[in-house]
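In: A structural model of the following input is requested.
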Amino acid sequence: EQKAEIVAAQHAKAASIQAFLAAGNSVSLATQAQVLVLNSPDQINLTSGGVSVVEGRDKNASDGVRWVFLFENQVAQLAAQVGVLDVVGAGRWLDKSGLDAAAVLGAAQSLAAQGAGDPALPDSGPQEVQADYSITDDDRIGQGGLAEKYRDNVRAIQIVRTLDAEKRHAVGEEKKALARYVGWGGLKGVFNPDNKQWGRQYFELRGLLSDAEWDAASRSQLDAHYTAPIVVNTMYSALSRLGFHQGRMLEPSIGVGNFIGMMPESMRSNSDLHGVELDILTSQIVAALYPSAKISKATGFQNYNVPAGYFDVVIGNPPFGSQQLTDDKGSVFSGWSIHNYFFAKSIQMLRPGGIMPMVVSHNFLDKLDPHVRQWISRRAELVSGVRLPNTAFKENANTEVVTDILIFKRLDYEHSLGKQEAPDWLDTTDVALENKKTGAVEKIAVNNYFLNNPQNVLGENSATGSMYRENEYTVLPNGDLKTQLAQWVD
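Out: Below you'll find the predicted structure:
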């Protein structure tokens, strides 16, 4: 079976090269220390020993886009030497990655000259294998005022422009600056030309972004709120508590990759990491920070396709927006709110027994209409959940929202309930809550799970509301959040 898969993967890549040549593009091949200029697809030999590297240049691309194809039995060694990315099947495929093709070809020649069976690598000289960035407390992720966050964002964009122009990887302080990018969820004023406070920044940013980037950044104000480090670290502690230490992982709305940057090193080095990101610039930033991860760049989650049951863990903080999301596959959740769509599709991508820790709006559990919860309950069981106070995201994303960390486990079979015939998290109960500012009492729907597990509400239920409106449900802080979250995990 494995041999058949390898052969199939090689044939598929050969077909790609043949199509590339048929369009009149140029290709060269490095095999066993020889570089040949190919004039026809017939000269491609995928069965010889050693290393084969095919380099192509698109004749129609104004920037001379380079395509590189790697095959044969020492791809792994070559990959380690020149820092190639993006594993596909039995080989590796490099596209538009900005790698130095001469270094790739030279390494292939040197490696092949040692003999097909020799695992030793030649000295790669100054060529550096790119390592993923690790976020520490010194990075101050999400900290600082709005002006500082704006400057951090602009600095990150400028670095992306430099990396693209110089066709190189981010290094040292550049990576540190890229990790400080926080998006635009808390910086709405900069997109308003009539906002005098942000007038100068508006024109600066407008000049820095293309029209497509500007439109994407402006739209992202609705739901681009990155996750506070204390929440990310808690989710990994919970995963470890449940016995997960390595596997195939997905972050369906990866942003700049904080979930990878804060992942425990032992878990990260032993896991296969995947991410999806819609925003153009954010895609470039996360790819620069975490080259080992397979990032689907500038891709909506509705257009991301992998087999059902592919992942061991899906983790993240999906968009909180209420806008509808549709796909062209006619899935049952097509047309659901973006929040519920992400949640449902993520469940579908989990293998039986797989774990999904997610940060979600409290409205997911508190909404009166239970049909989404019912759909999920036939496919996953709630292992545990904790409700955070409205200040959990205030420093990081400049927003007061009540969120839950929910941990689901994929059931081993479809269309059946979990351990309980009617899990308590399916339904809500109206409770009388007081607005602490006015003394008014409101009846508000709260999910039965948190009414039955009040110790998992890390604050006081209240009708005080938020910075946006009064007399709505909120959770007021009443203790040290780090300590409270650690107690929940234990």
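In: number of nearby residues for residue 343?
Out: By other CB atoms under 10 Å, 26 other residues sit near residue 343. The way it works is simple: take the backbone N, C-alpha and C, and place the C-beta from them, glycine included.
In: what sits against it?
Out: 318, 358, 360, 364, 372, 376 (CB atoms under 8 Å, 6 or more residues apart in numbering).
In: let's have the residues you listed in JSON lines, adding secondary structure.
Out: Formatted as JSON lines, the contacts of residue 343 follow (DSSP: H, G, I helix; E, B strand; the rest coil):
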{"residue": "318", "secondary structure": "coil"}
{"residue": "358", "secondary structure": "strand"}
{"residue": "360", "secondary structure": "strand"}
{"residue": "364", "secondary structure": "helix"}
{"residue": "372", "secondary structure": "helix"}
{"residue": "376", "secondary structure": "helix"}
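In: contacting residues for the closest residue to residue 333 other than its chain neighbours?
Out: In space, not counting the residues next to it along the chain, residue 333 is nearest to residue 344; the distance is 4.0 Å by CB to CB, 6 or more residues apart in numbering. Residue 344 makes contact with 332-333, 336, 372, 375-376, according to CB under 8 Å, 6+ apart.
In: repeat for residue 220
Out: 183-185, 279, 282 are the contacts of residue 220 under CB under 8 Å, 6+ apart.
In: let's see 6 Å
Out: 183-184, 279 (CB atoms under 6 Å, 6 or more residues apart in numbering).
In: most neighbours among those, please name it.
Out: In terms of neighbours by other CB under 10 Å, these top out with residue 184 at 24 neighbours.
In: which helix or strand contains it?
Out: Here residue 184, judged by DSSP states H and E, is contained in no helix and no strand.
In: now it. Its backbone dihedrals?
Out: Backbone torsions of residue 184, given as degrees, to the nearest 10, read phi -120, psi 10.
In: just say helix, strand or coil for residue 213.
Out: Secondary structure for residue 213, judged by three-state DSSP, is helix.
In: count the residues that sit near it.
Out: 15.
In: okay but it is in contact with residue 280, surely?
Out: Yes - contact criterion CB atoms under 6 Å: residue 213 and residue 280 qualify, at 5.4 Å.
In: now do residue 465, the pLDDT please.
Out: At residue 465, the model reports a pLDDT of 80.
In: distance of it relative to residue 164?
Out: 45 Å (CB to CB, to the nearest Å).
In: ok, those two, which is more surrounded?
Out: residue 465 (19 against 13).
In: surely that one meets residue 473?
Out: No - the criterion here is CB under 6 Å, and residue 465 misses it with residue 473 at 8.1 Å.
In: about what we covered before: so can I have CSV of the contacts of residue 344 showing distance to residue 384?
Out: Listed next are the contacts of residue 344 as CSV, based on distance: CB to CB, whole Å:
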residue, distance to residue 384
332, 26
333, 24
336, 24
372, 19
375, 20
376, 15
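In: buried only: go through these for me.
Out: Among these, the ones that count as buried by 16 or more other CB atoms under 10 Å are 333, 336, 372, 375-376.
In: how about the strands in the stretch 151-300 of the chain?
Out: Along the stretch 151-300 of the chain, the stretches classed as strands by DSSP state E, counting those that start in this stretch are 248-251, 272-276, 294-296.
In: burial-wise, tell me which of those strands comes out on top.
Out: strand 248-251 (a mean of 24; mean count of other CB atoms under 10 Å).
In: sheet partners, orientation included, of that one?
Out: Strand pairing for strand 248-251, using DSSP bridges, gives strand 272-276 (parallel), strand 311-314 (parallel).
In: who's in contact with stretch 141-156?
Out: Residues outside stretch 141-156 that contact it (CB under 6 Å, 6+ apart): 135, 177-178, 180-182, 187, 201, 228-229, 285, 396.
In: just the C-alpha atoms of that stretch, please, in CSV.
Out: The C-alpha coordinates for stretch 141-156 follow below in CSV (Å, rounded to 0.1, in the frame of the first residue of the first chain):
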residue,chain,number,x,y,z
ILE,A,141,1.7,39.4,23.4
GLY,A,142,-1.4,41.5,23.4
GLN,A,143,-0.1,44.1,25.9
GLY,A,144,0.2,47.8,25.4
GLY,A,145,-2.2,50.6,24.5
LEU,A,146,-4.0,51.0,21.2
ALA,A,147,-1.3,53.3,19.8
GLU,A,148,1.4,50.8,20.6
LYS,A,149,-0.6,48.0,19.0
TYR,A,150,-1.1,50.0,15.8
ARG,A,151,2.7,50.6,15.6
ASP,A,152,3.3,46.9,16.1
ASN,A,153,0.9,46.1,13.3
VAL,A,154,2.5,48.6,10.9
ARG,A,155,6.0,47.3,11.8
ALA,A,156,4.9,43.7,11.1
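In: cheers, nothing more for now.
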